[in-house]
Structures are given as structure tokens and as C-alpha cells.
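Undergrad: From the sequence below, what's the structure:
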Amino acid sequence: MKLKIWSLTALVVAVSALYLTSASLSAKAQLPPRPALTAEAATTGLPTVQTAPLIDPTPEPTPTPTPLPPRKHSYNKCHVAGSEIAITFDDGPHPKLTPMLLDMMKERGIKGTFFLVGKRVAEYPEIAQRIVAEGHEVANHSWAHPQLTKLAPDALKKEIADTNDAIHRATGIQTTLMRPPYGAINASITKRLNEEFRLTVAMWSVDSLDWKIRNAAHVTKLITEKAAPGAIILAHDIHPSTVQAMPAVFDTLSAKGYKFVTMSELIALDLPAPIQTAPASIPAGPPIVTPAATLAPSATPATTTP
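TA: Predicted coordinates for the structure are as follows:
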């Protein structure tokens, strides 16, 4: 009898266990699947936090800069939006006057352009080096200062090439500007300087006439009265009167608001020339007729009784 009771009890326990196991499996089957562990989570044992991917904002369109006009073959002035001017000195370097001029410019923070004669650069390379070291520009003014228009092609080439070489040996600079001595130039030489030597012809708009009138007061007056925005001023650092005039020139023009830049800097600021338009003509209307004035009758002169 006891054996039957134990058997019955065991059967009930087995059936109950089977029922519970089946219910557990059914509930587990209804749960969402567990996500697989990433390699990082499998290594560290920590869950990986899923984040939404970052979306880059739409980049702002880059404004296209307004292209500058191409560099011209020759300049005698520039059209600028500000008050920049270029002061230039020809025929140096001079062993005494050029250093004096450089001292004046350094004291005032003024920059200029020096058109150097090649044989003088070869003779005074240390002055050419100082010009460059103090922030000024050096450029070609021929080897021996001849009129280029009177030279044979080979002689012209030697004048330009030898000067370029002298400047490069002294300063390490490959100049990009050339001023013809006496301003003697023509279209064919300009073309050759541009194409063969990659040199822009540098003329001027204000001639100080210091080469002609050796008077400091006259030089000062002429430059300060004729200077204008975009002007290229011609002077010579081989005349004592010119160097004597420069402090007054620098101080007067600075007080007027002018900013001294090198010639290449001025060219970089050059804008297209403003278009000159003729004033609009007013269409002619019908002729205006002015009525004639009514004449009053002439007064009869009084008679005089004798």
C-alpha cells in the first residue's frame, strides 16, 4: 500500500515538473531575442550603448573670390580703393646717400621701391642687401643706364640679364619689375621684357624733376602737390637735394593720410579703371518762342519857347 502511494506521489511530481518546464520554455520563446555582443562587449564584458549616427550639417557654400584683373604689361599709376602710393628711387645704390635715405624711411616705417643700376649693385652689394632686409623692393634699372631704344637686341639682353644676375647674387631676389632709363621704351621692347625676361615695365605718374632742378624745397612742393591715390612717384637717391627733401615729403604725405607701399604691392591693389561715360544728352524740344515786348509810344519832346 505504501509503495503505491509513493509511486503515485512520484508521478504527480514528475507531471508537475514537466508542466513547469513547458510553461517556462513557452514564456522564454515569447521574449525578444537578445542582441549579439559586439567584439568590444565580449572583451570587456560591458554592454555597448547604441547611438544614432552623427549627421554632418550641410556645409556652407564657400564664396568665390572676385578674380583680380591680370597684371598689365606696363604701369604708370594704379587705380586703388584706398590711399596707397608708391615712392620709387632710381640709379642707386649710392654709397652715402642711399644709407641716409634708408635711415629716414626706417625711422618712419615707410616702404619704397629701388630701381637699381646693375654695375652699382655689383660695387655695393651690401647696400642692396640692406634695402631688401628692411622690407623694401629692388628692381631692374639696366646695367649702365643707356637708352634701351638705341641698343641692338644682344646689347639689350645683356643690360637686362646682367642686372638681374647682379641683384640675385647680392640679395637672392628674382626681380619682376624693370624701369627703362630716361623712360625710353617702345612696344617691341615692352613685349620682349614681358615675354623673355618676365619683367613688368614700371613707369611713373609723378616726376619730381629732382634730376633737373636740384633743390629740396622744389622737390618737396612738386611731390606733395601732385601725389594722388595710386600714384607712382619718381625720385633719385643719388642727388643730395632729393635726400634732403624726403623727410618733408614723407611727413607731409603721411599727414594727408597716404600710405606708402612698394610698387608690387600697389600693383596687387590695382583695380579696373573706372569707365568714363559721357553725360546723357537731353533731347531737344520744340523751340521756345519769346513774345516780342510791346513798345511804348515815344514821348514827344517838349517844345521850348525861345
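
Undergrad: Could I get the buried residue list for whichever helix or strand residue 100 is part of?
TA: Using DSSP states H and E, residue 100 sits in helix 97-108. Buried positions in helix 97-108, judged by neighbour count with 16 or more other CB atoms under 10 Å: 97, 98, 99, 101, 102, 105. The C-beta positions use only the backbone N, C-alpha and C, and glycine is treated the same way.

Undergrad: Run through the neighbouring helices and strands of that helix.
TA: helix 125-133, helix 240-255 (3 or more CB pairs under 8 Å, 6 or more residues apart in numbering; DSSP states H and E).

Undergrad: and after the longest one, which helix or strand comes next?
TA: Read that as helix 240-255. strand 259-260.

Undergrad: From residue 204, how far out is residue 130?
TA: To residue 204, residue 130 is 24 Å away according to CB to CB, to the nearest Å.

Undergrad: Which one of these two is surrounded by more residues?
TA: Using other CB atoms under 10 Å as the criterion, residue 130 and residue 204 rank with residue 204 on top: 20 against 17.

Undergrad: before we move on, what SS does that one have?
TA: Following DSSP: H, G, I helix; E, B strand; the rest coil, we place residue 204 in the coil state.

Undergrad: Am I right that it is in contact with residue 230?
TA: No - here residue 204 does not reach residue 230: they are 11.8 Å apart, not a contact under CB atoms under 8 Å.

Undergrad: Are there residues contacting both of those two? Which ones?
TA: residue 77 (CB atoms under 8 Å, 6 or more residues apart in numbering).

Undergrad: what about the strands in the stretch 51-200 of the chain?
TA: For the stretch 51-200 of the chain, strands defined by DSSP state E, counting those that start in this stretch occupy the ranges 74-75, 84-90, 113-116, 137-140, 177-178, 200-202.

Undergrad: pLDDT score assigned to residue 62?
TA: Turning to residue 62, the model gives it a pLDDT of 63.

Undergrad: Alright, that wraps it up for me.
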